[in-house]
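Peer 1: return atomic coordinates for the entry below.
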Amino acid sequence: MRHPLQGKIVPMEITINLLKNAMVQSGGHRFLIDGFPRQMDQALKFEETVGSQAGATLDATGAVLNSHCPLAGSEHWAGLRVRVCALF
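Peer 2: The predicted structure follows:
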C-alpha cells in the first residue's frame, strides 16, 4: 500500500474494505474498532458498506476514565488517552 509510505492518508474506501475483510475472515460477530471512523462521512460510508447494529460513545471525565480503565497508568493508557482527547 503506497499511501502511508508516501505520507498520505489512506482513502476511506480502502480502510473500510480492509476492516470488512478482516471482520469476515475472523468469523466473529462483535468487534471493537479503535480510531475509526474519525468523521461522519466515514461513519456513514462504513454503515453503508459493512452495516452496523450498534455504536458507543464515551462521555466521562478523565478522572472517571482513569478510575475505571484497567490500563490506567500503563504505557498503553497514555496512548489511548492521547487518542481519546484528540476527539474532543
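
Peer 1: pLDDT on stretch 49-56, on average?
Peer 2: Per-region confidence: stretch 49-56 scores 72 on mean pLDDT.

Peer 1: again with stretch 15-32
Peer 2: Here the average pLDDT along stretch 15-32 is 87.

Peer 1: not counting that stretch itself, show me its contacts.
Peer 2: If you take Cβ atoms under 8 Å, 6 or more residues apart in numbering as the criterion, stretch 15-32 is touched by 33, 36, 42, 45-46, 49-50. (C-beta placed from N, C-alpha, C; glycine too.)

Peer 1: try it again at 7 Å.
Peer 2: The set of residues that contact stretch 15-32 without belonging to it, under Cβ atoms under 7 Å, 6 or more residues apart in numbering, is 33, 36, 45-46, 49-50.

Peer 1: looking at those residues, state which has the most neighbours.
Peer 2: Of all the contacts of stretch 15-32, the highest neighbour tally under other Cβ atoms under 10 Å goes to Phe46, namely 19 neighbours.

Peer 1: isn't that residue up against Pro37?
Peer 2: Yes - the criterion here is Cβ atoms under 7 Å, and Phe46 meets it with Pro37 at 5.8 Å.

Peer 1: so which of the contacts of stretch 15-32 belong to helices?
Peer 2: Using DSSP state H, the members of the contacts of stretch 15-32 that fall within helices are 45-46, 49.

Peer 1: sounds good, over and out.
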